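Chemist: 3D, please:
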Amino acid sequence: MKICIPTETGDGKTAQVYSHFGSAPFFTIYDTDAKSIEVVNNANNHHEHGTCNPVAALQGRAVDVVVTGGMGARAVMMLNQTGIKVFRAVAGTVEKIISTFDAQDLEELTVENACASHSCH
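Modeler: Numbers count the residues shown, from 1 in each chain. Just a heads-up that it's a prediction; the model follows:
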């Protein structure tokens, strides 16, 4: 399984989680089977609110799950339509997110509980 986490830096497991998916500078992808990290530069991080394309940003990377501090309903819907589940992150590092996800202790984000503005998280 591949878990995508928006991060402030490209520092792998020690990178801090970024508060919002679409405007994150980096996406850190953790492969639970290979125990490996891939860091992707988010070239779309300066988008207008509501216009990010998360599916395009992750295209070709076979991501199964996104764990983020916040995400709008449209982005949640787009990811869900491609089979990607979305969960709300806790503050901390990629390593902490992986541990919390493994413990099944993260809330799933849905269209109903997604962010309505950038100030929701």
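
Chemist: partners of residue 67 in the sheet?
Modeler: residue 87 (DSSP bridges).

Chemist: contacts only, for it.
Modeler: Residue 67 makes contact with 3-5, 17, 86-89, 97, 101, 106 under the criterion CB atoms under 8 Å, 6 or more residues apart in numbering. Yep, even glycine has a C-beta here, placed from its N, CA and C like the rest.

Chemist: repeat the analysis, applying 7 Å as the threshold.
Modeler: With contact set as CB atoms under 7 Å, 6 or more residues apart in numbering, residue 67 has these partners: 3, 5, 87, 89, 97, 101, 106.

Chemist: ok, residue 92 to residue 26 distance?
Modeler: 16 Å (CB to CB, to the nearest Å).

Chemist: I misspoke; the intended subject was residue 107.
Modeler: As judged by CB to CB, residue 107 and residue 26 stand 23 Å apart.

Chemist: so for those two, which sits in the more crowded spot?
Modeler: residue 26 (19 against 11; other CB atoms under 10 Å).

Chemist: give the contact list for that one.
Modeler: Listed by CB under 7 Å, 6+ apart, the contact set of residue 26 reads 7, 9-10, 39-42.

Chemist: let's see 6 Å
Modeler: Residue 26 makes contact with 7, 10, 39 under the criterion CB atoms under 6 Å, 6 or more residues apart in numbering.

Chemist: swap in residue 39?
Modeler: Contacts of residue 39 (CB under 6 Å, 6+ apart): 10, 26, 28.

Chemist: tell me how many other residues crowd the first one.
Modeler: Read that as residue 10. 14.
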